[in-house]
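>>> Turn this into a structure:
(chains A, B and C)
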Amino acid sequence: MGELEARFIKARRRVIDQEYAKLNPPQREAVLCTEGPLLLLAGAGSGKTTVLIHRVANLLQYGRGSDSTEIPMPITNDEADFLEQYADHPTQEQKPLARYLCAVEPARPWEVLAITFTNKAAGELRERLERMLGEEAAKDVWASTFHSACVRILRRDIDRIGFSRDFTIYDTDDSKRVIKDMIKELGLEEKAFPPREILSIISNAKDAMQSPEEYAALWEKNGDWRKVRIGKLYAGYNRRLRDANALDFDDIILHTVKLLQTDKETQEYYQKKFRYVLIDEYQDTNHLQYLLAGLLAGGRKNICVVGDDDQSIYRFRGANIENILSFEKQYDHCRVIRLEQNYRSTQNILDAANAVICHNTERKGKTLWTENGAGEKVTVKTVFNESDEANFVAGDIMMHCNRGGNWRDHAILYRMNAQSNALEYAFKRNGIPYKVIGGTKFFDRAEVKDMLAYLCVINNPTDDLRLRRIINVPSRKIGAATIDKAQLLAMENGVCLFDVVREASRYTELKSAAARLEQFAALIEEMRAKRETMELTEFYSFVCDRSGYVRMLEEKNDMESRGRLENVEELKSSMMGFLENQPENPTLAGFLDEIALYTDLDDQSDADNCVTMMTMHSAKGLEFPYVYVVGMEDGIFPGNRAMGEPEEMEEERRLCYVAMTRAKEKLTLTNARQRMLFGRTTPNLPSRFLKEIPEGNMEWLSRPEPRGETLPWEDDGGSRSFYEPVERPISRPAAANRKPVAAPLLELRPGESIEHTAFGKGMVLSVRPMGGDALVEVAFDQVGTKKLMLKTAGVHITKL
DNA sequence: ATCATAACGCTTTTT
DNA sequence: GCGTTATGAT
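Sure thing, here's the model as predicted:
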């Protein structure tokens, strides 16, 4: 290489470097290492998403310009001079020329595949790319989840492996129903074969690419008859899905892998197409996804996986941490970059989290650091029970807000959804606005599923499963016995259920219900006929009306059905959202595809100013200034199932690490000495994770007073005692053996002026006695009218 | 066919 | 302790 070339390449790198001057050195390195396999270990809060976006932008702008010694065109001295001076003094006018000179085979948008774990993440990626590069460049990048990428691939080519391209997608609920049917069909007991467990076994088998036959053969050899039965269920399940022309979530990945493995033409097509493959949250991938990643990137091996082994918390759903741990072994000459500078939390929080995660053995090893300063120490608070815990958190949050904080800056994290109850209760009584993330999702609501089932059947009448869901909703006097009979006839004649229903009068067995069945079939066909002529939302309204579903809800007209009506209406909004995003395929089929893979609709909720409650799992990827992790007790967190299971315990510890690193400014951990869960009160020792936090990074706000004979609080000989004097909990006596505190109940009358620690000044509107307590309605000057329970909220109120 | 009562069972969750 | 579901009675 001549001197000119060397000078040019050096200048080119400097020009590209300065384009990403805002990134820190390892971040920039991660953006500019474009060629070959790259393992990017991105710690919590290390700016991973920023890197991802810039990486894609760089690929589109400069191709391998930053990571190659190629020079794609003849160059002159003048051009090298130009780049050298531009690197020092970039100007807007010279930018296009500089970019042109520095690019080496820039990737075209459709040559970049960026896989994320959720639709939300994919959407954000696409959105930020659009803002950075403009709509033209961004819209053709394959930024999607594994599943939507696979559906796209399968819709094109699944017929090459003997499936029909217009398959429907079964969600977990659908799968469960099929399993239940199979259990009945084989005359088995659901108790001996819990559908959930069966489903998870089938899912694991599919992940291992084990066919039903292979699975059954394996266990037949070992003489495990229960497993052989499960193999039968697996076989029947697959047969049912095939008959219904349906794929479950695992099939979507499995068949894509099979397609790419068996059909060389397709494999070559995609390996050639995707010059650059990027996979986010790699620690959460399962075996099939690992295979898929390898297949898609198999051409040029330009595969970049991003993840954090310390944040792998989805083992229970098949995530295999080995994928990320052994990535370096899988790819020779793999480069590894660690992002360890944290931009989110204070040093105290990071030190505490680092100390906890250090107790795990199977990890790559990373130590987060920050320039944010030490900040406040991590607070640990021990309370008596779950309602004291809730009141403590509520009181602490009100205090912050009183000092000018915002509700939305606070999050409460717990291990299980069931723990939200006590918190919600305390927050309601205190009049604190909050939202609970998770629980029953919008698309899991029965009424939403019903309406989607109508649309599915209209779109594809051979969808027996959905047909059965709605054939008698609203009631059309078609009972279970009739449906079973029709289903049997369909099986015998090798046609779908809808065909039998449509021609019911031809089957003597159905004569009594034949007219009603045919009427239903006519209804579906009538709607089906209009599906292509009407605009989508208009069509949906028509279906709501014509099916009688909305009328059924309107006639019921109680609290519940009013809510359901709203959800049915809300589905139209998501339809409109779909139409805005996807104007090129605004069909019913397109919408159903999207919806089958899309499950969270809580996007709008982050606008409200309120406290967030959620599980530690759902908190992954989020951040809040103030974070409370509640229920830090052995048996709760780590959960009972992890005791004595080293791998499970390490997973729980990673979850703890995830939870702790969500906090930006202040982290508070609480544990209760006894807790009621599932109707039973049990004493609990403080979580072992608490003891893993260095003394220097934490502060015990209070320690429990000894409860003597009532509670078996044995100090486990650890370095720290939990028997120091305790502060009295904020309110309420919690146990019978405790003296009931005669709470000095405030005497309030309508018209009086009061001041609340969090809501400020206000006037009492009404006081209504309620079961030894009182419901007070107060019109606050700043925050409007609120209803408060006097016993709880009284602590925070002073008369003026 | 529809309603009522009993029995169960219960991490975590995305697609 | 609660919500879901299965089964039996009307």
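
>>> Pop out the phi and psi values for residue A:766.
Backbone torsions of residue A:766, given as degrees, to the nearest 10, read phi -160, psi 150.

>>> Counting neighbours, what do you get for it?
Neighbour count for residue A:766, taken as other CB atoms under 10 Å: 14. The way it works is simple: take the backbone N, C-alpha and C, and place the C-beta from them, glycine included.

>>> Can you pull out the low-pLDDT segments for the stretch 1-150 of chain A?
Judged against pLDDT under 70, the stretch 1-150 of chain A has no low-scoring part.

>>> Next, residue A:90: secondary structure please.
Residue A:90 falls in the coil class when you classify it by DSSP: H, G, I helix; E, B strand; the rest coil.

>>> got the contact list for the residue of chain A found nearest DNA strand B?
Nearest residue of chain A to DNA strand B (CB to the nearest atom of the strand) works out as residue A:479 at 1.6 Å. Counting by CB atoms under 8 Å, 6 or more residues apart in numbering, residue A:479 touches A:472, A:513.

>>> and what of the one 10 residues further on?
If you count contacts by CB under 8 Å, 6+ apart, residue A:489 has them with A:500, A:507, A:509-510.

>>> Give me the neighbour count for the residue nearest to residue A:396 when sequence neighbours are not counted.
Nearest non-adjacent residue to residue A:396, counting by CB to CB, 6 or more residues apart in numbering: residue A:668, 6.8 Å away. Residues contacting residue A:668 under the criterion other CB under 10 Å number 23.

>>> Tell me which two in the contacts of residue A:489 are the farthest apart.
A:500 and A:509 (10.0 Å; CB to CB).

>>> Of these two, give the one with the bigger neighbour count.
Neighbour count, other CB under 10 Å: between residue A:500 and residue A:509, residue A:500 has more, with 25 against 14.

>>> hey, where'd the strands end up in the stretch 201-350 of chain A?
Along the stretch 201-350 of chain A, counting by DSSP state E, counting those that start in this stretch, strands occupy A:246-247, A:276-279, A:303-307, A:335-339, A:341-342.

>>> Now do the contacts for the closest residue to residue A:774 other than its chain neighbours.
Closest residue to residue A:774 apart from its sequence neighbours, by CB to CB, 6+ apart: residue A:790 at 4.1 Å. Listed by CB under 8 Å, 6+ apart, the contact partners of residue A:790 are A:745-746, A:748, A:767, A:773-776.

>>> Quick check: pLDDT value at residue A:790.
Note on residue A:790: pLDDT of 79.

>>> what does residue A:634 give?
95.

>>> Can you list the strands that the helix or strand where the residue nearest to residue A:396 lies pairs with?
For residue A:668, the element it lies in under DSSP states H and E is strand A:663-672. Note on strand A:663-672: by DSSP bridges, its sheet partners are strand A:378-383 (parallel), strand A:624-629 (parallel).

>>> just so I know, which of the ones you listed lies nearest DNA strand C?
Closest to DNA strand C of the strands paired with strand A:663-672 is strand A:378-383 (CB to the nearest atom of the strand; 18.5 Å).

>>> Longest helix in chain A, please.
Ranked by residue count, the top helix of chain A under DSSP state H comes out as helix A:559-581.

>>> and that helix, anywhere near DNA strand C?
No - under the criterion of CB under 7 Å from any atom of the strand, DNA strand C is not reached by helix A:559-581; the shortest gap measures 10.7 Å.

>>> what about the helix or strand immediately after that helix in the chain, distance to the chain center?
Later in the chain than helix A:559-581, the nearest helix or strand by DSSP H and E is helix A:588-596. Helix A:588-596 sits 20 Å away from the centroid of its parent chain (CA atoms, centre = their mean, to the nearest Å).

>>> count of neighbours near residue A:222?
Neighbourhood size, residue A:222 [other CB under 10 Å]: 10.

>>> closest to residue A:110 out of the strands of the stretch 201-350 of chain A?
strand A:276-279 (11.0 Å).

>>> Check which strands are paired with that closest one and give the direction for each one.
Here strand A:276-279 has these sheet partners by DSSP bridges: strand A:112-116 (parallel), strand A:303-307 (parallel).

>>> Format the CA atom coordinates belonging to that strand as CSV.
Once non-C-alpha atoms are left out, strand A:276-279 reads as follows in CSV (Å, rounded to 0.1, in the frame of the first residue of the first chain):
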residue,chain,number,x,y,z
TYR,A,276,-25.4,-7.1,8.2
VAL,A,277,-27.2,-8.8,11.0
LEU,A,278,-27.7,-7.3,14.4
ILE,A,279,-29.3,-9.0,17.4
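
>>> Get me the contact residues on the stretch 601-750 of chain A for DNA strand B.
Residues of the stretch 601-750 of chain A lying close to DNA strand B by CB under 7 Å from any atom of the strand are A:614-615, A:617-618, A:639, A:641-642, A:648, A:652, A:678-679.

>>> near DNA strand C too, which of those residues?
Counting by CB under 7 Å from any atom of the strand, A:678-679 from these sit close to DNA strand C.

>>> Name the residues of the stretch 51-200 of chain A found near DNA strand C, please.
A:180, A:190.

>>> which SS class is the closest residue to residue A:226 other than its chain neighbours?
Residue nearest to residue A:226 in three dimensions, not counting chain neighbours: residue A:192, with 7.5 Å by CB to CB, 6+ apart. What three-state DSSP gives for residue A:192 is coil.

>>> Figure out the helix or strand that residue A:619 lives in.
Short version, using DSSP H and E: residue A:619 is in no helix or strand.

>>> swap in residue A:519?
Residue A:519 is part of helix A:514-530 when elements are defined by DSSP H and E.

>>> swap in residue A:755?
strand A:753-756.

>>> Remind me what that strand packs against, helices and strands.
strand A:760-770, strand A:773-780, strand A:797-799 (3 or more CB pairs under 8 Å, 6 or more residues apart in numbering; DSSP states H and E).

>>> and the last one, which strands flank it?
Right, the one you point to is strand A:797-799. Short version: by DSSP bridges, strand A:797-799 pairs with strand A:753-756 (antiparallel).
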